[in-house]
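[1] Kindly generate the corresponding structure for this input.
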Amino acid sequence: MRVIFQLALRNLKEHKAKTIIISLFIIFGTAIVILGNSFIESVNRGLEKDFRANYTGDITISAIPPDNWRVDIFGVDTASFTGEIPQVPALTDLEKVEKIVSETEGISQTTRMITAQGLLFKGEEIDLTSFMEDDSVSIMDIPIFMLFAGDESTYFNVFGGQHITEGRALDYTSGENELLIDTRIRDSFQKFFKKDLDVGDSVLVMGANSNGVIREAKVVGFYTPANIHSAMFQTIYCTPGFARAFADLTYGSLMEETQVLSENSLSDVSEDDLFGDDFFSDMISDETDSFESTELEDFNSILGDTSIRDALNKTDNGAWHFVQAKVSDPNKAQAIVNELNAKFKEMEIDAKAMNWNEAGASYTKTVAGINILFNILVIILAVVVFIIIMNTMMVSIMERTSEIGTMRALGAEKKFVRKLFYTEALSITVVSSIIGTILALVIIAIFNSLNITVDSNMIAKIILGGGEIQFSPTPGIIIATIGGVIFGSLASNIYPVSSALKITPLKALSKGAE
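    Okay, the predicted model is just below:
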């Protein structure tokens with residue numbers, strides 16, 4: 001083996017030009033692959049850290065959605081259209097869920113949350129003049145936002161860190177509808193509507209995923225996110241009662257569910273009971289008793305009485321969309337998710353535990369798609385480098401046919417010649433990939449020290465998983481890249497070496513003599 005290694009080094013020195021060309025391809029190919037994968041790793045790490053710390057927690061628990069629905073903190077994603085806007089279902093077994101969560105080892109903090117989407121405006125109507133006439137105003141400037149409401153005693157302990165720049169935090173005891181608004185929403189509002197938005201202003205919120213619900217609220221403060229480079233969609237925090245109106249968490253929605261059950265039971269009612277006077281009188285009696293409405297004296301009083309409607313529109317103070325939790329050891333989060341789901345299934349509880357990625361899927365799937373695109377580009381690059389190296393090696397080996405013929409004529413076996421060329425390829429690849437790795441790490445160190453951010457462009461922040469452009473190389477990325485390069489280099493030698501060894505010693509020598 002020592003003889004083969006010495007011959008390989010000598011041959012590499014004698015063919016300096018080709019050795020340098022192949023080395024440069026491997027160096028830059030290795031550096032680019034490490035840079036690309038380090039960038040993707042940085043995007044994924046930043047997104048995961050931000051969402052787990054500030055929005056989804058390590059675990060999010062929701063009601064089990066229908067088969068064609070996907071539910072996360074952004075709402076419902078479904079390809080099934082029924083004419084009505086789908087709403088995130090409430091956790092019907094909330095107490096049982098929280099009991100199981102409290103008894104599960106490894107969970108350190110829990111809270112509850114309601115989510116909705118809305119549009120912010122001020123005045124009696126939405127003025128679209130600036131959008132229609134001002135070219136500097138785009139659809140991205142429309143002040144649409146996520147509406148988050150958490151449990152007053154636990155939510156901001158679990159998801160705290162908001163930097164209040166003006167005003168104050170929410171006061172859950174004030175009895176008023178209060179809003180704590182992301183400064184990005186204020187900027188969008190002022191740009192879109194050409195109106196100021198200040199602390200103390202009364203504004204209107206129109207539900208983006210509700211059936212025409214509009215509510216008035218008071219602006220009590222503005223904040224910047226805990227992570228100033230967060231790529232999370234702009235958010236307004238409010239009190240739970242306010243959010244429930246937009247999330248369809250009212251007694252009326254519960255009555256609709258009850259009505260469905262009643263309709264399914266009509267087959268059990270006899271014709272006399274169904275069409276008799278007692279049946280309808282009982283319905284009216286029960287209905288008025290339930291909501292303490294006034295006595296039904298005549299037809300006009302029925303039309304004029306709104307007590308039933310008002311009662312149905314009242315929010316259900318016990319309704320929540322999600323239970324969210326943080327764990328003591330983030331590495332065990334998925335195991336705890338699996339454990340919770342097993343318990344829910346065993347106890348037949350209508351609940352589903354999700355990890356942070358699934359809980360924010362409406363957003364994270366965009367980043368995942370970008371990651372796939374980057375991986376495709378890296379694969380294309382690797383294939384191009386592989387083809388170039390193979391062609392270069394093919395030319396180099398074909399030019400050395402006389403040398404191969406001489407070695408074969410002197411008694412060298414095919415196995416010896418094959419080992420010689422593979423040793424040359426391995427030597428070039430190992431040295432070049434190490435140099436490429438060092439080059440990539442130097443570039444990464446320089447780039448990371450510049451702290452480049454793109455906070456002004458929301459689309460870029462979504463693509464980057466945050467406003468900060470960073471690279472996060474890991475030992476796994478470096479080892480996998482070097483291993484892949486070595487494998488590719490050796491594979492690229494298979495065809496050229498096999499082709500050269502098919503030439504007989506006599507033919508090789510005669511070709512060399514020519």
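[2] could you pull out the strands for the stretch 1-150 of the chain?
    Secondary structure of the stretch 1-150 of the chain (DSSP state E, counting those that start in this stretch): strands located at 59-62, 69-72, 75-78, 107-121, 144-150.
[3] Next, report how far the fourth one is displaced from the centre of its chain.
    Computed by C-alpha atoms, centre = their mean, to the nearest Å, the chain-centroid distance of strand 107-121 equals 17 Å.
[4] hang on, the earlier thing: next, format the strands of the stretch 1-150 of the chain as CSV and append mean neighbour count and mean pLDDT.
    From N, CA and C alone the C-beta is placed, and that goes for glycine too. Shown next, in CSV, are the strands of the stretch 1-150 of the chain (neighbours: other C-beta atoms under 10 Å; pLDDT from 0 to 100):
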stretch, mean neighbour count, mean pLDDT
strand 59-62, 27, 96
strand 69-72, 21, 89
strand 75-78, 17, 81
strand 107-121, 21, 92
strand 144-150, 22, 92
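[5] quick one, which of the ones you listed is nearest to A31?
    Ranking the strands of the stretch 1-150 of the chain by their distance to A31 (criterion: C-beta to C-beta) puts strand 69-72 first, at 37.4 Å.
[6] wait, doesn't I236 sit right on P143?
    No - in this structure, I236 is not within contact of P143 by C-beta atoms under 8 Å, at 9.5 Å.
[7] where do the contact lists of the two overlap?
    Here I236 and P143 share the contacting residues 120, 185, scored by C-beta atoms under 8 Å, 6 or more residues apart in numbering.
[8] surely L420 meets F5?
    No - using C-beta under 8 Å, L420 is not in contact with F5, being 9.3 Å away.
[9] in the stretch 1-150 of the chain, which spans are helices?
    2-14, 16-54, 94-103, 129-133 (DSSP state H, counting those that start in this stretch).
[10] Nearest to R244, out of those helices?
    Closest approach to R244 among those (C-beta to C-beta): helix 94-103, 13.8 Å.
[11] can you map out the strands along the stretch 201-350 of the chain?
    Under DSSP E, counting those that start in this stretch, the stretch 201-350 of the chain gives strands at 202-207, 214-224, 235-238, 322-327.
[12] Columns distance to E178 and mean pLDDT on top of those, output as CSV?
    Listed next are those as CSV, based on distance: least, C-beta to C-beta, whole Å; pLDDT from 0 to 100:
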stretch, distance to E178, mean pLDDT
strand 202-207, 11, 90
strand 214-224, 5, 93
strand 235-238, 7, 94
strand 322-327, 21, 96
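[13] gap between the host helix or strand of M393 and the chain center?
    Here M393 sits within helix 361-398, counting by DSSP states H and E. Centre-to-centre, helix 361-398 and its host chain are 24 Å apart (C-alpha atoms, centre = their mean).
[14] For that helix, buried residues please.
    361-364, 367, 370-371, 378, 382, 385-386, 388-390, 392-394, 396-397 (16 or more other C-beta atoms under 10 Å).
[15] pLDDT weak spots in the stretch 401-514 of the chain?
    Within the stretch 401-514 of the chain, the stretches with pLDDT under 70 are 454-468, 503, 505-514.
[16] Now do the strand or helix carrying A445: distance to the chain's middle.
    Using DSSP H and E, A445 sits within helix 414-450. Mean-position distance between helix 414-450 and its chain equals 35 Å (C-alpha atoms, centre = their mean).
[17] Tell me what angle it forms with helix 361-398.
    What separates the directions of helix 414-450 and helix 361-398 is an angle of 140 degrees, with axes from the mean of the first three to the mean of the last three C-alpha atoms, to 10 degrees.
[18] now for helix 414-450, which elements pack on it?
    Packing partners of helix 414-450 (3 or more C-beta pairs under 8 Å, 6 or more residues apart in numbering; DSSP states H and E): helix 2-14, helix 16-54, helix 401-409, helix 475-501.
[19] what does the first one rub up against?
    Under the contact criterion C-beta under 8 Å, 6+ apart, helix 2-14 has outside partners 19, 416, 419-420, 423-424, 427-428.
[20] Let's see if you can find the most crowded of those.
    Neighbour counts for the contacts of helix 2-14 peak at E424, which has 25 neighbours (criterion: other C-beta atoms under 10 Å).
[21] need the contact list for that one.
    Per C-beta under 8 Å, 6+ apart, neighbours of E424: 8, 11-12.
[22] Pick out whichever of those sits closest to I100.
    Nearest to I100 among the contacts of E424: A8, at 64.3 Å, using C-beta to C-beta.
[23] For burial, what's the neighbour tally of the closest one?
    Using other C-beta under 10 Å, A8 has 20 other residues around it.
[24] Would you quantify the distance from it to N177?
    To N177, A8 is 78 Å away according to C-beta to C-beta, to the nearest Å.
[25] repeat for G160
    As for G160, its distance to N177 is 22 Å (criterion: C-beta to C-beta).
[26] who's more crowded, the two?
    More neighbours surround N177 than the other of G160 and N177, with 19 against 11 (other C-beta under 10 Å).
[27] List the contacts of the most centrally placed residue in the chain.
    In the chain, the centroid-proximal residue (C-alpha atoms, centre = their mean) is T364; its distance is 1.3 Å. The contact partners of T364, by C-beta under 8 Å, 6+ apart, come to 47, 51, 357.
[28] Then D198?
    D198 makes contacts with 166, 219, as judged by C-beta under 8 Å, 6+ apart.
[29] hang on, it is in a strand, isn't it?
    No - according to DSSP: H, G, I helix; E, B strand; the rest coil, D198 belongs to no strand; its state is coil.
[30] got the contact list for H15?
    By C-beta under 8 Å, 6+ apart, the neighbours of H15 are S396.
[31] Give me the neighbour count for G484.
    By other C-beta under 10 Å, the residues close to G484 number 17.
[32] where's it relative to I434, distance?
    14 Å.
[33] farthest pair in the contacts of helix 2-14?
    Top of the distance list for the contacts of helix 2-14 (C-beta to C-beta): T19 and F416, 21.0 Å.
[34] about what we covered before: ok, so of the contacts of T364, who is nearest D67?
    Distances from D67 to the contacts of T364, taken as C-beta to C-beta, are shortest for N357 (20.5 Å).
[35] from what I can see that closest one touches N44, true?
    No - applying C-beta under 8 Å, one finds N357 not in contact with N44, separated by 9.4 Å.
[36] okay, these two: which has more neighbours?
    N357 (20 against 17).
[37] Contacts only, for that one.
    Counted by C-beta under 8 Å, 6+ apart, N357 has contacts 48, 364.
[38] switch the cut-off to 7 Å
    Shown in contact with N357 (C-beta atoms under 7 Å, 6 or more residues apart in numbering): T364.
[39] Which helix or which strand is home to it?
    Here N357 is assigned to helix 356-359, by DSSP H and E.
[40] how about a markdown table for the helices and strands packed on helix 414-450, with distance to A445 added?
    A markdown table is the format used below for the helices and strands packed on helix 414-450 (distance: least, C-beta to C-beta, whole Å):
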| stretch | distance to A445 |
| --- | --- |
| helix 2-14 | 31 |
| helix 16-54 | 11 |
| helix 401-409 | 43 |
| helix 475-501 | 14 |
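[41] Those: which one's closest to N227?
    Comparing the helices and strands packed on helix 414-450 against N227 with C-beta to C-beta, the closest turns out to be helix 16-54 (4.8 Å).
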